[in-house]
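In: just a sequence and a predicted model for now, questions to come.
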Amino acid sequence: MPKFLVKRWHGMHHVWAFVLLVALTIALTFYQWALGLVGLLLTLAVGALSYVAERAFRRDLKAYMSTLTYRVKKAGSEVITDLPFGIVLYNEDKIVQWHNPFVSEIMGRESVVGEPLAELIPAWKPGKEKKRLVEVPIGERMYELIVKHEERLIYIRDITARWKLAKTYEDEKLVLGVVVMDNLDEVTQGMDDQQRSALMSKVTGVITDWAQRYQLYLKRLNSDRYLITTNRETLRQLEHSRFVILDEVRELTHDQKIPVTLSIGLATGGDTLIETGQWAQRSLDIALGRGGDQCAVKQGDRQTFYGGKSNAVEKRTRVRARVVAHALRDMIKDSSNVVIMGHKMPDMDSVGAAIGVLKAARLFGRDGYIVLDGVNPAIQKMMEIVKEEEPLYKCFVTPEQALGLIDARSLAVVVDTHRGSMVDEPKLLTHTERVVVVDHHRRSEEFITNPMLVYMEPYASSTCELVTELLQYIIDRVVLDVTEATMLLAGITVDTKSFSLRTGARTFEAASFLRRNGADSAMIQRMLKEDLQQYIKKAEIIKDAELVHEHIAIAVTDPSRTYPQLLIAQAADTLLNMNDVLASFVIGQRQDGQIGVSARSLGAMNVQVVMERLGGGGHLTNAACQLEGSPAEVAERLKQVLDEIEEEEGLFE
């Protein structure tokens, strides 16, 4: 116990003695004045001693407090000086007013008072950043800023060691992948064993050199499939190279009638190895579903694509069409009814394919219904012809009617799209688990959940072509009536621009089959005739088109007017016929308020990649998207995307 407290204890005794003496003196005075006088003297003496003791206590207390305050101030000053993190005070103009010595060590200067924060910490934008915790690099080290905006105070903590550890952890995360030669059978058809072995040796050598160059673990699973194991740091290098192996293999075999192409599926970020492996296989399926000759990479929730410049290679076998047709036949037989849906704002390919699937349902005695949410200008003339065929027309139902017709045993067939958000009534897909997808578009990241049967062939000209093939195998000697055959042929005609684009041998075989069944080409021409006023509107759109990147035409419509999607698409088709135009984009405000973009190319440029970056999709030569905003704003976004692609990998092959 401090001495002044001991003195205080004794001083309290003096006070109590003084009080007792006062009381005793008063009592003695009543009995005898002499005794009272003696008590008074004693009382004065004790009072004097108490006064002296109190003064001594206060003096010692003041001295003690003065010493303690000094020590606390000194300790606080030393702590602030020796703290292992920085403290910065700044004013309303973001100018440093005070800092502790640790900040001087960070900045490598004795003082930074009076310096703007924007110059001291360029990576931090105090005018925009409102977060309390911010990680920024300063020099070669990483720091965490704890910002208190109200006090205009910043704590700076060195987290370099933790940041490097976290970066190492992220860089070393496992990446699994599968590499497939996606058209080996087509390339080697007709080769003898020696030629096939020589070709395989060349391709395998290039793939092995690529794996060694990027330190990939490569394991051959069979003649045309490899397993890849690597980490995220290497994956970033591969992405930076834009997966050059795709071009190397294609160029190596360019002298073949059909060059060898690769498809690659990579994945990382799964919670387990099993999930990562499943993602890798799914990525490969997407790459193959989009036509091959490309790489699909899944990192957590993000899916990115590389390559895909070449058109899909047409397969030379009908085996798959026959297998799918037989599977579809069995599913129809086992269903209570068949509900068929196309995409929103349907075109002739969507409606024609739906009519073809309806024919398949009727062949096996099942009721079939085609979901149609209104008639748009693209199918108006087609539906006028369908309306004349009462048995066919009564099978068209609204989405509301379809919801009342579908049950757990119904078969839902989705045609001309594979995206659940694009169908006329997405709720229908939740009423049955029996879902079939028939589509000719390149596969996108979004896909209908768990379909029982998928028939996607991106090489095909149209969904009508695929449905026509299925009908030929679903039963022997199928017979179509004139309207059914005509509608299927109309879908093929529209999607191929009268057999001028995206046509293969199978396209003409399907058209030939439909013609043999009575398809009326004159009726199709009547359906495709243009209205004079619509033609004038199309000319108004085209007249203000501009050329960018030398061979890309972009037309932007008047923002005060609305246009049907069909007219926007037709304008893009017309622009493609102009000299020096290899790709065209038409941007216009649709009647539903959205901004529609139609993209077309002659094959030298993949417009699907461009539209995917804007949130749409489609084919290498035919794609589209719908966006919010104004035509001018969308045009600027489109030009930015074109500039990015040109800088990354080039727009044209």
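Out: Okay, I see it. All values reported here derive from a predicted model rather than from experimental measurement.
In: which residue ranges of the stretch 301-450 of the chain form helices?
Out: According to DSSP state H, counting those that start in this stretch, the stretch 301-450 of the chain carries its helices in the segments 319-333, 348-363, 380-387, 390-393, 399-405.
In: Leu153 is nearest to which of the ones you listed?
Out: helix 399-405 (58.8 Å; C-beta to C-beta). Any C-beta I mention is one placed from the backbone N, CA and C, and that applies to glycine too.
In: and the closest one, what's buried?
Out: Pro399, Ala402, Leu405 (16 or more other C-beta atoms under 10 Å).
In: out of the residues you listed, flag the one nearest to Glu110.
Out: Using C-beta to C-beta, those come closest to Glu110 at Pro399, 74.0 Å.
In: quick one: contacts for the residue nearest to the closest one when sequence neighbours are not counted?
Out: Using C-beta to C-beta, 6 or more residues apart in numbering and skipping residues adjacent in sequence, the residue nearest Pro399 is Glu425, 3.6 Å away. Contacts for Glu425 (C-beta atoms under 8 Å, 6 or more residues apart in numbering) come out as Met341, Val371, Asp373, Pro399, Ala402, Leu403.
In: picking that back up, JSON lines for the buried residues of helix 399-405, including pLDDT and distance to Lys94?
Out: Listed next are these as JSON lines, based on pLDDT from 0 to 100; distance: C-beta to C-beta, whole Å:
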{"residue": "Pro399", "pLDDT": "93", "distance to Lys94": "57"}
{"residue": "Ala402", "pLDDT": "94", "distance to Lys94": "61"}
{"residue": "Leu405", "pLDDT": "93", "distance to Lys94": "66"}
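In: one step back: any chance of the helices of the stretch 301-450 of the chain in CSV, with distance to Thr621 too?
Out: As requested, those are exported to CSV (distance: least, C-beta to C-beta, whole Å):
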stretch, distance to Thr621
helix 319-333, 23
helix 348-363, 14
helix 380-387, 23
helix 390-393, 32
helix 399-405, 31
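In: where among those helices is average confidence lowest?
Out: Sorting the helices of the stretch 301-450 of the chain by mean pLDDT places helix 319-333 lowest, at a mean of 88.
In: between that helix and helix 348-363, how many degrees?
Out: Between helix 319-333 and helix 348-363, the angle comes out at 60 degrees (axes from the mean of the first three to the mean of the last three C-alpha atoms, to 10 degrees).
In: show residues contacting helix 319-333.
Out: 338, 360-361, 364, 366, 411, 434, 436, 452-453, 455, 457, 466, 469-475.
In: so which of these sit within strands?
Out: Counting by DSSP state E, the part of the contacts of helix 319-333 found in strands is Val338, Leu411, Val436, Leu453, Tyr455.
In: distance check, the fourth one against Ser462.
Out: From Leu453 over to Ser462 the distance is 19 Å, taken as C-beta to C-beta, to the nearest Å.
In: neighbour-wise, which of the two wins?
Out: More neighbours surround Ser462 than the other of Leu453 and Ser462, with 28 against 16 (other C-beta atoms under 10 Å).
In: wait, the more buried one touches Leu489, no?
Out: No: using C-beta atoms under 8 Å, Ser462 and Leu489 do not qualify as a contacting pair, with a distance of 10.0 Å.
In: identify each buried residue in the strand or helix carrying Leu218, please.
Out: Under the criterion of DSSP states H and E, Leu218 resides in strand 217-222. Neighbour counts over strand 217-222 (16+ other C-beta under 10 Å) mark Leu218 as buried.
In: just checking, next helix/strand downstream of that strand?
Out: strand 225-231.
In: now that following strand, how far from the centre of its chain.
Out: Relative to its chain's centre, strand 225-231 lies at 24 Å (C-alpha atoms, centre = their mean, to the nearest Å).
In: hey, what's Tyr90 bridged with?
Out: Counting by DSSP bridges, Tyr90 forms beta bridges with Val96.
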